[in-house]
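K.L.:
predicted structure and sequence below. I'll ask about it afterward.
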Amino acid sequence: MTWDHQLVLLLVLPIPIASIAWTVTHEELFREPRDWCASKSKACRRLYSRKFFYVFTCEYCFSHYVTAFFLYITRFTLMFDGWRGYLIAGFSLVWLANIYMSFFGRLRLEIREDRLEIAAAESRERTETAGQLPTANREDTRHRDLHAAATLPSGRI
């Protein structure tokens, strides 16, 4: 495998690894199994059982197993053939996948903060305009705002 090909794979393979690890350890889709694993990781009597269930709650830990799976199906090695190439590729992919997840987590946090700032600004604006309206219109505006807030979807991000 050429160096160019290895470099491209090194930058591309962590994307699905990070995506799978993030989805399993953070997204709503897997909340119930993750909560169950979290409780088992605290309640199991055996150390290996606690550690096994903990893997599904930690994106860093889980990314190692996802990387091992991707190394198995792609046979990707880095710099060397054989076990040394797999070892270097494995830790390199985990490292990059976790950098990608850190960027994604930071981006989601910034988006959430922006949405909160926008909601606060809109709330202040409604409060200021409600103070300028006659009393009869103020009650109509409040009812319309409560209805609009109740119909908004309550998704994560």
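P.N.:
Great, that's in hand.
K.L.:
which secondary structure element contains S102?
P.N.:
According to DSSP states H and E, S102 maps onto helix 83-132.
K.L.:
now swap in D81 and tell me
P.N.:
Using DSSP H and E, no helix or strand contains D81.
K.L.:
check it and give its pLDDT.
P.N.:
Here the pLDDT value assigned to D81 is 88.
K.L.:
what's the burial count for it?
P.N.:
9 (other C-beta atoms under 10 Å). All C-beta spots, glycine's among them, are computed from the backbone N, C-alpha and C.
K.L.:
phi, psi of it?
P.N.:
phi -90, psi 160 (degrees, to the nearest 10).
K.L.:
need the nearest residue in space to the residue nearest in space to the middle of the chain, chain neighbours excluded.
P.N.:
In the chain, the C-alpha closest to the average C-alpha coordinate belongs to W22, at a distance of 4.3 Å (C-alpha atoms, centre = their mean). Nearest non-adjacent residue to W22, counting by C-beta to C-beta, 6 or more residues apart in numbering: M101, 5.3 Å away.
K.L.:
remind me which residues of this structure are low pLDDT?
P.N.:
131-157 (pLDDT under 70).
K.L.:
mind giving me the packing neighbours of the helix holding S102?
P.N.:
Under the contact criterion of 3 or more C-beta pairs under 8 Å, 6 or more residues apart in numbering; DSSP states H and E, helix 83-132 touches helix 3-12, helix 14-26, helix 59-74, helix 135-151.
K.L.:
much appreciated, bye for now.
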